[in-house]
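Asks: What follows is a predicted protein model with its sequence.
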Amino acid sequence: MTTTSEVTAEDTAVTGSGAAARGGWRRLYSPIALFAEAGALLVAGFLLAFWYAPTDSSTMGFSQKIFYFHAPIAESALVAYLIAFVAGVLYLRHQDEKYDRLGAAAVRLGLLFSVMVMGTGMIWGKAAWGVWWTWEPRLTTFLIACVLYAAYFVLRWSTDEESRRATYCAVFAIIAFVDVPITFFATRFLPTGLHPAVITSSGSGMAASMLFTFLVCMAGMTLLLVAMLRLELAHAAVLAEVEELKELLDSEPESHLPTVAGSSSLETERGLL
Amino acid sequence: MSLHEAVPYVAGAYGLIILVLITAYILMARRTARLARELRGLRDAVERRPTRDHE
């Protein structure tokens, strides 16, 4: 019964309605509040990008408006991979399942953001360079990161035993992270590529209004990542409790766990988390 | 690049972002709904247990 009440509490946390009772600063950190804050900043960023920031005077012209969301999404993807790296280190150190869940959630969101980066990047590349894709250092290293982190889930699905799966994934997340700083610094170390470096040691090279718009979008996208990560973690925690409760009920001969539609898919999902 | 030429690219990029985010939202909502169903089943099973113990 105790487990059920814990599950119910976690369930409430997923919906976000329990956040109101916590009060104080934690209200601003609840998933619902984070989504609202991220949404407000992103809408503001969108309006600033089109009605406040001037149109780029270079050959890119109006297509430069893609930059205000493309670069913050890329930054969020790299932050997600950094979180997966830290979670991997923490898991190997403490062997705590919560770090494994954090790592998996971060990689999943990192991939989601990477899809958006690749898509918007290809569209912008076609507009600015005239080609959908070119084997340029930044693009190539980012594509390698995407393939590596997609392989993370292949590894995750291929191992059933939980602690072994978590250890393999933690090690993989640490190794895969090697590509992230290479991606980030590719435009700085190899400036011959087509992709520009947005902010360098000599400044951003943008007008103040452009930089302000970019920072608003960056803050919004980072908050969106945090909100989604919190939701994923709450979901994973409830799923873990459900699995625990199912095992408890199954272990008792008198109990009859009702067949729930989607039960097998939940087991698959457990492998994903 | 002129404004007229750039508009389809800009609209396509922002459309793609919205499409991916909506898809992610739908997938997350479906997973949460499935989990809620599972929770309901478990709650029912737990509630039925004391009755069986008395029998």
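Replies: That came in fine, so what should we check first?

Asks: thinking residue A:225 is in contact with residue A:113, fair?
Replies: Yes - look at residue A:225 against residue A:113 with C-beta atoms under 8 Å: they come within range, at 7.0 Å. C-beta coordinates here come from the backbone N, C-alpha and C atoms, glycine included.

Asks: for the stretch 51-200 of chain A, which spans come out with low pLDDT?
Replies: Within the stretch 51-200 of chain A, the ranges that satisfy pLDDT under 70 run A:191-194, A:196-200.

Asks: residues from it in reach of chain B?
Replies: A:55, A:59-63, A:65-66, A:69-70, A:73, A:112, A:115-116, A:119-120, A:123-124, A:126-128 (C-beta under 8 Å from any C-beta of the partner chain).

Asks: In helices, which of the residues you listed fall?
Replies: Using DSSP state H, the members of those that fall in helices are A:69-70, A:73, A:112, A:115-116, A:119-120, A:123-124, A:126-128.

Asks: Taking these together, which two end up most distant?
Replies: Farthest pair in these (C-beta to C-beta) is A:112 and A:128. Separation: 24.5 Å.

Asks: Give me the average confidence score over the helix or strand in which residue B:23 is found.
Replies: Residue B:23 belongs to helix B:3-54 when elements are defined using DSSP states H and E. For helix B:3-54, mean pLDDT is 85.

Asks: who's in contact with residue A:84?
Replies: Taking C-beta atoms under 8 Å, 6 or more residues apart in numbering or on different chains as the criterion, residue A:84 is in contact with A:102-103, A:106-107, A:110, A:149, A:152, A:173, A:176-177.

Asks: Can you list the helices and strands that the helix holding residue B:23 packs against?
Replies: Judged by 3 or more C-beta pairs under 8 Å, 6 or more residues apart in numbering or on different chains; DSSP states H and E, the packing partners of helix B:3-54 are helix A:2-15, helix A:67-94, helix A:97-128, helix A:208-251, helix A:263-272.

Asks: Nearest the geometric middle of chain B, what residue?
Replies: Nearest residue to the geometric centre of chain B (C-alpha atoms, centre = their mean): residue B:29, 1.9 Å.

Asks: For that residue, give its distance to residue A:153.
Replies: Residue B:29 sits 21 Å away from residue A:153, going by C-beta to C-beta, to the nearest Å.

Asks: Name the residue closest to the centre of chain A, please.
Replies: Central residue of chain A (C-alpha atoms, centre = their mean): residue A:109, at 2.9 Å.

Asks: ok, and the closest non-adjacent residue to it?
Replies: residue A:80 (4.9 Å; C-beta to C-beta, 6 or more residues apart in numbering or on different chains).

Asks: was I right about that neighbour contacting residue A:225?
Replies: Yes - Residue A:80 is within contact range of residue A:225, at 6.1 Å (criterion: C-beta under 8 Å).

Asks: anything in contact with each of these two?
Replies: Counting by C-beta under 8 Å, 6+ apart, the contacts common to residue A:80 and residue A:225 are A:109, A:113.

Asks: Please list all residues in contact with the nearest residue to residue A:103 once chain neighbours are set aside.
Replies: Excluding the flanking residues, the one nearest residue A:103 by C-beta to C-beta, 6+ apart is residue A:87, at 3.7 Å. Residues counted as contacts of residue A:87 (C-beta under 8 Å, 6+ apart) are A:99-100, A:102-103, A:106, A:170, A:173.

Asks: what do you get for residue A:121?
Replies: Residue A:121 touches A:70, A:74, A:139, A:142, counting by C-beta under 8 Å, 6+ apart.

Asks: I'm done for today, thanks for sticking with me.
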